[in-house]
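Chemist: what's the 3D shape of this:
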Amino acid sequence: MSGSDKVFAGSIPSIYEDYLVPLIFEGFAEDLARRVAALCPKSVLETAAGTGVVTRALATRLPADAQYQVTDLNQPMLEMAIQRQGEDPRISWQRADALALPTPNAAFDVVCCQFGVMFFPDRMHGYREAKRVLKPGGTFVFNVWDRIEENDFANEVTIALAQLFPSNPPRFLARTPHGYHDETLITEELVGAGFRSVRIEKRSEQSRAPSPQHPAIAYCQGTPLRSEIEAHGADELIAATEHAAAAIASRHGHGEVTGTVKALVIIAEI
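Modeler: Got it, this is the predicted structure:
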């Protein structure tokens, strides 16, 4: 993972929230929130919260006396989450690195993280931090994307950009968001970090967008893939987005488009 893979700044948070969240994140956020709420936690820590799609889904399911701490490494993403959530006395917000949580030991019943662990520069350390802040018997609930070939729009955008920039294709999507899907490796790393029980489930959703341009904008302009595209030239972003949209249209048509998105959901207990 390159250093730029973790940077969600500039116009990215707004495009991410408006395009990418409804495209691929909302269904998985509802699933994650249901799983966390079913554990009946009184205290929850969310890491890598992004613009707060899980926060919004989970807050409606937690009891009035719950404590919910929401964190993200990127301040612009966290500010977007705060803006979209509104006032809630149960929720505290903090910019925090999931690998160095400013939290006492054994403070939470549940730690949750939606599509964030792939960005950890040292996953084992991140897993140990999650275990450290969990109470005895606590649960770490998170998800990761399945391999890119199982995720239609992300794969089609990646292939299209490789055609446009063959000498140095932008590979952010394959390298980072879709680069951590080996179930054996995930289990080994969690057990190595001290979790005693690990369950992994596969989950599939249908991703829908009003046009091929929507997923093209979402991926090319609403993720760190943007930096890789702009490295080819400041004027390449629009051309790359249009090329990706044409590739999606060639597979799915020019009107409303539908594609498959697949992920793994992991439940790790201590």
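Chemist: Tell me how far the longest helix anywhere in the chain lies from the chain's centre.
Modeler: Longest among the helix segments of the chain by residue count, using DSSP state H, is helix 236-252. With CA atoms, centre = their mean, to the nearest Å as the basis, helix 236-252 stands 23 Å off its chain's centre.
Chemist: for whichever helix or strand comes after that helix, which positions count as buried?
Modeler: Next along the chain after helix 236-252, taking DSSP states H and E as the criterion, comes strand 257-269. Residues 257, 259, 261-269 are the ones in strand 257-269 that count as buried (16 or more other CB atoms under 10 Å). Heads up, the C-betas are built off the backbone N, CA and C, glycines and all.
Chemist: Output those as JSON lines; include the columns pLDDT and distance to residue 82.
Modeler: Output for the buried residues of strand 257-269, formatted as JSON lines (pLDDT from 0 to 100; distance: CB to CB, whole Å):
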{"residue": "257", "pLDDT": "98", "distance to residue 82": "32"}
{"residue": "259", "pLDDT": "98", "distance to residue 82": "31"}
{"residue": "261", "pLDDT": "98", "distance to residue 82": "27"}
{"residue": "262", "pLDDT": "98", "distance to residue 82": "31"}
{"residue": "263", "pLDDT": "98", "distance to residue 82": "26"}
{"residue": "264", "pLDDT": "98", "distance to residue 82": "29"}
{"residue": "265", "pLDDT": "99", "distance to residue 82": "26"}
{"residue": "266", "pLDDT": "99", "distance to residue 82": "27"}
{"residue": "267", "pLDDT": "98", "distance to residue 82": "28"}
{"residue": "268", "pLDDT": "98", "distance to residue 82": "28"}
{"residue": "269", "pLDDT": "98", "distance to residue 82": "31"}
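Chemist: Closest one of those residues to residue 167?
Modeler: Relative to residue 167, the closest of the buried residues of strand 257-269 is residue 259; by CB to CB it sits at 28.0 Å.
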